[in-house]
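In: Build me a structure from this.
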Amino acid sequence: MIIGHELKKIWNLKMLLAVTFICVLYFLAADIGSILRNIRYPVGAQPGTEEYHLAQAPHDIERMLSREFLQWQQQFYMDAIASEDLLAFVLETRNNLYQVKPVVEDEWDIFTQAYGFWGNKFETAGVIITNIEHFGEEAFRPRMRYRLEDLSYWELTERQRARLTTVLEAGEYEGTLHGGVFWAVTDLFRQIAAVLIIASLVLHGPLVTTDRARNILPGQYSSRLGRRIAIKQAGATLLSSVLLATLVLAGFMAVLATHGVFVYWNQGITSHLIHFAPTSIAVGFAPISFGQFMLVMMAICYGFSIGAAAVAYVLSRYSRTLITLAIKAVPVFVALMLFYSFILPNRWAVMSNAGHLTAPMTLWNHMYLRTGIACLDIGIIAAFVVLAVLVAWCVAHREKRLEAV
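Out: Residues are numbered from 1 along each chain as shown. This is a model prediction of the structure:
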């Protein structure tokens, strides 16, 4: 009964309007509409995409697994940087490659048909020649140095190599999930998590502070039941955070349903492998379906909502007025958003010199690339939630022992 009363205090009309207004502003600033459009009309989706994907995926995986090709690229870029005439060097390299491949009149036939090890070399040299002719030799030299540094991040770990080999042998790339759908949904959940952090702070922050500002606490502390109100308020805050996340996620799931996303529920996340090229590969540490991936992302959103609400409760307990609460909330909000950005960065912000895209539960997740620890981001979120809830409970437990002042 007491918790129900506290929930009514949290979910009052004014606070709901304030939360809605702030969330709408965030949706506009984050351009959620463009993310939803990419889900419905995936970038790069064209007739014949599935057939092209099935034909190219084995080639791209073999290319990633090729230690010899990686070593050739490293030597090629190193020699190119040291060459006096960059264009002449690349042309000579490509001409040397012709000696081990049949020469046909149409060079494009060589480019399109020479799959495998030598085809990768032709492609590398051909792209560089085109870029040199377009940008100029001197303008392109810094990009050659950048590429040489970048190659160090393409060195596969044994775990990545073993998993990719399994993907190739088991044909896990043969699904129909498009890369545009996968990455747009990943981006969407990232934005939902940010919204829940903001909404949790705004919705749950004023609870105890309002009682303190109205001088209600002395009356509460005068009775045994009243001294237990702090624990009830903490419980109401956590329950409210779960309710908030459920409502927000339910709303977005309804939107995703209208976009036809759930037809991919049982498709493996590796099935989009070729659509954005190998730089966007999303391979789980074990086979994982798109539906399971979405459930993991939902759990992450719940974690941020509960953790932020627990932090808001502690913040509210140590603020005497709404003004002091607002002042204290600013650095706390910044800290939470920095933490959130560290766990769920923009998908392009993986490594300083690499083009890999990051997603939780994958072998190219930014935290796994840096530490080699599987699912570290999930573990950190779980630890954050446990710590935040434990601190809120300790504050509430201490509060019930205080006497009226």
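In: ok, A88 to I132 distance?
Out: To I132, A88 is 10 Å away according to Cβ to Cβ, to the nearest Å. The way it works is simple: take the backbone N, C-alpha and C, and place the C-beta from them, glycine included.
In: Mind checking which of those two has more residues around it?
Out: Set A88 next to I132 and count neighbours by other Cβ atoms under 10 Å: I132 wins out with 21 against 11.
In: For the host helix or strand of the more buried one, what does the pLDDT average out to?
Out: Per DSSP states H and E, I132 falls inside helix 117-135. Averaging pLDDT along helix 117-135 yields 70.
In: when you give positions from now on, start the count at 52
Out: Let's use 52 as the start, then, which means that last one is helix 168-186.
In: which other residues reach the very next helix or strand once past that helix?
Out: Downstream of helix 168-186, the next assigned helix or strand under DSSP H and E is helix 188-201. Residues from elsewhere that reach helix 188-201 (Cβ atoms under 8 Å, 6 or more residues apart in numbering): 125, 128-129, 131-132, 136-138, 179, 182-183, 186, 404-406.
In: any idea which helix or strand comes after helix 188-201?
Out: Next along from helix 188-201, by DSSP H and E: helix 209-221.
In: and that following helix, which residues are buried?
Out: Q211, R214, L215, V218, L219 (16 or more other Cβ atoms under 10 Å).
In: Just checking, which helix or strand succeeds that helix along the chain?
Out: For helix 209-221, the following helix or strand on the C-terminal side (DSSP H and E) is helix 230-255.
In: how much distance is there from that next one to the middle of the chain?
Out: 10 Å (Cα atoms, centre = their mean, to the nearest Å).
In: now that helix: mean pLDDT?
Out: Here the average pLDDT along helix 230-255 is 90.
In: mind checking how far A81 is from T208?
Out: 33 Å.
In: correction: G231
Out: Where T208 is concerned, G231 sits at a distance of 28 Å (Cβ to Cβ).
In: Among the two, which residue is more densely surrounded?
Out: A direct count of neighbours by other Cβ under 10 Å for G231 and T208 places G231 higher, at 20 against 12.
In: Hmm, that one is touching R91, no?
Out: No. If you go by Cβ atoms under 8 Å, G231 and R91 don't touch, sitting 9.5 Å apart.
In: Averaged over its residues, which helix or strand of this protein has the lowest pLDDT?
Out: helix 158-164 (a mean of 44; mean pLDDT, DSSP states H and E).
In: So, low pLDDT: which residues of this protein?
Out: Low-confidence segments of the chain (pLDDT under 70): 52-53, 55-56, 92-106, 149-171, 173-174, 262-279, 323-331, 399-407, 450-456.
In: any chance you could map the strands in it?
Out: In the chain, no strands are defined using DSSP state E.
In: Please compute how far the longest helix along it lies from its chain's middle.
Out: Determined from DSSP state H, the single longest helix within the chain is helix 280-309. Helix 280-309 sits 21 Å away from the centroid of its parent chain (Cα atoms, centre = their mean).
In: Any idea how many residues pack against F384?
Out: Neighbours of F384 under the rule other Cβ under 10 Å: 19.
In: Just give the closest residue to it, not the sequence neighbours.
Out: Among residues not flanking F384 along the chain, L252 sits closest, at 5.9 Å (Cβ to Cβ, 6 or more residues apart in numbering).
In: do you know how far the closest residue to G226 other than its chain neighbours is from L207?
Out: Distance criterion Cβ to Cβ, 6+ apart; nearest residue to G226, sequence neighbours excluded, is S322 at 2.5 Å. Look at S322 and L207: by Cβ to Cβ, they are 21 Å apart.
In: Which one of these two is surrounded by more residues?
Out: S322 (27 against 16).
In: and the more buried one, how far is that from I332?
Out: From S322 to I332 the distance is 12 Å (Cβ to Cβ).
In: ok, now E189?
Out: Applying Cβ to Cβ, the value for E189 to I332 is 33 Å.
In: More neighbours: those two, which one.
Out: I332 (26 against 9).
In: The more buried one contacts W415, doesn't it?
Out: Yes. Under the criterion of Cβ under 8 Å, I332 makes contact with W415 at 5.9 Å.
In: and T372, backbone torsions?
Out: In terms of degrees, to the nearest 10, the main-chain angles of T372 are phi -140, psi 160.
In: What about it, how many residues nearby?
Out: So T372, with other Cβ under 10 Å, has 12 neighbours.
In: so it touches T260, yeah?
Out: Yes. With contact defined as Cβ under 8 Å, T372 reaches T260; the gap is 6.9 Å.
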